[in-house]
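>>> I would like to see how this sequence folds:
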Amino acid sequence: MERGGRDAIAIGLVALTSLVSIAGACAEIGGYALGWPGAPVELFALSFESNVPTWYASSLLVLSSAALVLCAERAPRDRGAWLALAAIFAFASLDEAIEIHEHLGALVDGRGVLYFSWVIPGAIIVGILALGFARFLLRLPAIDRSRFVLAAVIFVSGALGMELPLGWWTERAGDDNLVYGMLDWVEETLELAGTTTFLLALRARLRREREA
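This is a model prediction of the structure:
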């Protein structure tokens, strides 16, 4: 992108995330309401794993990790915090691919909105990370801080927040129906939107540093 011009990479990234989300919604509706065959539905639905959306979500996270390493190399201070974030996002990419977090559910017996009980240790971990990085966040420029917080709120709203209604519904009606599919679509779309927002925020920071 030139100064004052359109950022083709940012536009392309937003368009790709939107395309993955829209394809996922079509797959959920087509599979449950229109009787589409299973193979294309399973390939693009966000409520299925080991498919195109899973690969895309994992790729966004690992790209964020790489961008964080670049931020660490250029940072005059807090390099440890940048690298720690890079490691967290690398692990999140692995978790997205093989669902390590699902095993946390075995630690707590949940019911109702806590049917997916991994959200309890998950929320504790998120709280610890928020406290641990609070001072680092406060030292960032205001523009970076606001973008990072926005990305985190969007992502956590999906990853943890939407697990509550999804768990409530799954306990009552199971996970093989349109309502489950659409609730899970909202959850996964928020996660994709949050990660995309964070990656764009990192890209903007790196560009700003290069042009300074």
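
>>> Secondary structure element holding the spatially most central residue of the chain?
Ranked by distance to the mean C-alpha position of the chain (CA atoms, centre = their mean), the top residue is E191 at 3.1 Å. For E191, the enclosing helix or strand under DSSP states H and E is helix 178-211.

>>> Does that helix pack against any helices or strands, and if so which?
helix 8-33, helix 52-74, helix 142-156, helix 163-173 (3 or more CB pairs under 8 Å, 6 or more residues apart in numbering; DSSP states H and E). Every C-beta, even on glycine, is put in place using the N, C-alpha and C of the backbone.

>>> To E209, which of these lies closest?
Of all these, helix 52-74 sits nearest to E209, with 5.6 Å by CB to CB.

>>> which residues are in contact with that closest one?
If you take CB atoms under 8 Å, 6 or more residues apart in numbering as the criterion, helix 52-74 is touched by 16-17, 20, 23-24, 43-46, 48, 79, 82-83, 85-87, 89-90, 92-94, 96-97, 188, 191-192, 195-196, 198-199, 202-203, 205-206, 209.

>>> residues of stretch 74-93 that come out buried?
75, 78, 81-86, 88-90, 92-93 (16 or more other CB atoms under 10 Å).

>>> Could I get the helices and strands packed on helix 178-211 in TSV, plus columns for mean pLDDT?
Below are these laid out as TSV (pLDDT from 0 to 100):
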stretch	mean pLDDT
helix 8-33	96
helix 52-74	97
helix 142-156	98
helix 163-173	96
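
>>> what about those, which gets the closest to R111?
R111 sits nearest to helix 163-173 of all the helices and strands packed on helix 178-211, at 7.0 Å, using CB to CB.

>>> which helices and strands does that closest one pack with?
Applying 3+ CB pairs under 8 Å, 6+ apart, one finds that helix 163-173 makes contact with helix 119-132, helix 178-211.

>>> go again using 7 Å as the cut-off
With contacts taken as 3 or more CB pairs under 7 Å, 6 or more residues apart in numbering; DSSP states H and E, helix 163-173 sits against helix 178-211.

>>> Buried residues in the helix it packs on, which are they?
Using 16+ other CB under 10 Å as the test for burial, helix 178-211 gives 179-203, 205.

>>> What of stretch 144-156?
By 16+ other CB under 10 Å, the buried positions in stretch 144-156 come out as 144, 147-148, 151-152, 154-156.

>>> Next: stretch 158-165.
Within stretch 158-165, the residues that count as buried by 16+ other CB under 10 Å are 158-164.

>>> Turn the residues you listed into a markdown table, columns for distance to C71.
Listed next are the buried residues of stretch 158-165 as a markdown table, based on distance: CB to CB, whole Å:
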| residue | distance to C71 |
| --- | --- |
| G158 | 24 |
| A159 | 23 |
| L160 | 25 |
| G161 | 27 |
| M162 | 29 |
| E163 | 30 |
| L164 | 33 |
